[in-house]
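Undergrad: Predicted model follows, preceded by the sequence.
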Amino acid sequence: MASRIELSGRVATDPELRTTPAGTSVLRFTIDCSEGGNQLKIDVVVKGSESKKLAAKMRRESKIRVEGILRQVSRQLRSGLAENSYEVVASTVETENSN
C-alpha cells in the first residue's frame, strides 16, 4: 500500500540531476521541513522530463512544496548490514526561489 504525503520546507542540499542508462532523467535532493524544534529532513526523487526543468530553477534554500508517494528504501552497506530509509517519489513539485 502506498502512502501519499505532502511536505513543504526548503531545499537542504544542492539538487543532483542524473540520467539512467535507459535515458530517464532523475533529480534527487533533500527537503528540510523542520519547524519549532522538530527536525525532519527527507530525500525527494523526481523522475522524467520535469526533473530537468526543476534542476534548472531549483537552488539550495529555495522554498518548496512536494507531493508524492512515501516509500521505504533498503540499501546494503559495505559492512554487510542493511540500512533502511525513506524517500518521497514526487508527483508534484512547486518551487519559489529565494533571493
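TA: Arrived safely, thanks for sending.
Undergrad: just checking, R59 is part of a strand?
TA: No. Going by DSSP: H, G, I helix; E, B strand; the rest coil, the assignment for R59 is coil, not a strand.
Undergrad: And it, how close does it get to T13?
TA: Separation of R59 from T13 (Cβ to Cβ, to the nearest Å): 11 Å. From N, CA and C alone the C-beta is placed, and that goes for glycine too.
Undergrad: Could you check which of the two has the larger neighbour count?
TA: T13 (14 against 11; other Cβ atoms under 10 Å).
Undergrad: isn't the more buried one right up against L27?
TA: No. Judged on Cβ atoms under 8 Å, T13 makes no contact with L27 at a distance of 11.4 Å.
Undergrad: if you go through this structure in chain order, where are the strands?
TA: 3-11, 16-19, 25-32, 41-47, 63-76, 82-96 (DSSP state E).
Undergrad: and those as a markdown table, adding mean pLDDT, distance to L54 and mean neighbour count?
TA: Shown next, in a markdown table, are the strands of the chain (pLDDT from 0 to 100; distance: least, Cβ to Cβ, whole Å; neighbours: other Cβ atoms under 10 Å):
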| stretch | mean pLDDT | distance to L54 | mean neighbour count |
| --- | --- | --- | --- |
| strand 3-11 | 93 | 10 | 15 |
| strand 16-19 | 95 | 9 | 12 |
| strand 25-32 | 96 | 6 | 19 |
| strand 41-47 | 95 | 6 | 18 |
| strand 63-76 | 92 | 9 | 14 |
| strand 82-96 | 91 | 6 | 14 |
